[in-house]
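J.: sequence? don't have it. structure:
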């Protein structure tokens, strides 16, 4: 889905994500996935001219993958300051790194895609 996002868009995106996760039986991923999606959408609001993006929410055999694609060719930067101090920007991506199993960014013909993945919880076999 393509969107022009604003200050309150993340709330609506989280609601959509929750609905998908519940329907896929992945409600256990809700907190981490909502937090990561909020950070990616917030980055579009702050850094992308025109605030346009598309959001792709995918369920695969291993779990969840979310992609946010925008038209900015600015590379993604994670803030890592001297002596372990965090810089002013890029802190949200440290949060994405902390709450997801994998994340990354890829250049596209028109900008970039930032994505994250959350593994499906492994169910222990019942003991008999």
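T.: Structure received. As the structure is a computational prediction, the values presented were derived from the model and not from experiment. Residues are numbered from 1 along each chain as shown.
J.: next one: the closest residue to residue 100 other than its chain neighbours from residue 8, what distance?
T.: Take residue 100 and drop its neighbours on the chain: the residue closest to it by CB to CB, 6 or more residues apart in numbering is residue 116, 4.2 Å away. Just so you know, the C-beta spots here come from the backbone N, C-alpha and C atoms, and that holds for glycine as well. Applying CB to CB, to the nearest Å, the value for residue 116 to residue 8 is 22 Å.
J.: okay, these two: which has more neighbours?
T.: Neighbour count, other CB atoms under 10 Å: between residue 116 and residue 8, residue 116 has more, with 25 against 8.
J.: buried stuff in the strand or helix carrying that one?
T.: Using DSSP states H and E, residue 116 sits in strand 112-119. Residues 112, 113, 114, 115, 116, 117, 118 are the ones in strand 112-119 that count as buried (16 or more other CB atoms under 10 Å).
J.: ok, it: who's next to it in the sheet?
T.: Strand 112-119 has these partner strands in its sheet, going by DSSP bridges: strand 63-70 (antiparallel), strand 102-107 (antiparallel).
J.: point out where this protein drops to low pLDDT.
T.: Along the chain, the model assigns pLDDT under 70 to residues 1-3, 80-90, 123-128.
J.: ok, now with 50
T.: 83-87, 124, 126 (pLDDT under 50).
J.: just name the most buried of the strands paired with strand 112-119.
T.: Most buried of those, by mean neighbour count (mean count of other CB atoms under 10 Å): strand 63-70, with a mean of 21.
J.: relative to residue 63, how far out is residue 25?
T.: For residue 25, the distance to residue 63 - CB to CB - is 11 Å.
J.: in the chain, which spans are helices?
T.: 9-23, 30-47, 91-99 (DSSP state H).
J.: possible to save the ones you listed as a markdown table with distance to residue 53 and mean neighbour count?
T.: Output for the helices of the chain, formatted as a markdown table (distance: least, CB to CB, whole Å; neighbours: other CB atoms under 10 Å):
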| stretch | distance to residue 53 | mean neighbour count |
| --- | --- | --- |
| helix 9-23 | 9 | 15 |
| helix 30-47 | 5 | 19 |
| helix 91-99 | 15 | 16 |
